[in-house]
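> got a predicted model here, sequence first, then my questions.
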Amino acid sequence: MATQRKLKKAGADAERQRAIRFPVRLPIRYTLANDSGWGELVNISSSGALFTTERPLPLGKRVELCIDWPALLLEKVHLKLVARGRTVRIEPGRAAITIVTHEFRTSGSSFMRESAVASLQVQVANQAMQGIGM
């Protein structure tokens with residue numbers, strides 16, 4: 001029984017690692033049960049996403065990502081990708097989730113404004129960290 005679980009876990013890890021990761025720099029808003037923040041998507045695949053965070057996130061917790069999607073619906077409606085999953089890796093200033101569900105939604109103008117401001121703040125913070133050798 002334990003051997004079957006190990007084989008199943010190894011197969012799941014191999015499947016996760018086989019998914020093609022696309023390097024993408026897009027503003028995101030992440031939400032946990034009672035916390036939220038802004039960051040930037042680093043890369044995404046069909047099974048997971050890596051993104052920057054304002055503060056450390058807890059491992060194994062449910063997270064919802066709202067990603068300001070670059071494509072327009074019918075060439076005029078802004079979209080956001082909403083992905084839900086659990087944190088599976090935590091690094092200084094970054095977190096990775098495994099994606100369990102995802103959907104595209106139309107994006108309101110307030111989300112667009114907030115994500116643009118947050119994107120600038122993240123860029124400034126990243127440049128400041130690089131400048132001090134972090």
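Good, I have the coordinates.
> is it correct that His78 falls within a strand?
Yes - under DSSP: H, G, I helix; E, B strand; the rest coil, His78 sits within a strand.
> so what's it bridging to?
When bridges are called by DSSP bridges, His78 pairs up with Leu72.
> hang on, it packs against Arg105?
No - using Cβ atoms under 8 Å, His78 makes no contact with Arg105, being 10.0 Å away. To be clear about C-beta, it is placed using only N, CA and C from the backbone, and glycine gets the same treatment.
> these two: which is more packed in?
Of the pair His78 and Arg105, His78 is the one with more neighbours under other Cβ atoms under 10 Å, namely 18 against 13.
> start and end of stretch 21-39, how far apart?
Start and end residues of stretch 21-39 are separated by 18 Å (Cα to Cα, to the nearest Å).
> partners of Ala95 in the sheet?
Judged by DSSP bridges, the bridge partners of Ala95 are Phe51, Ile90.
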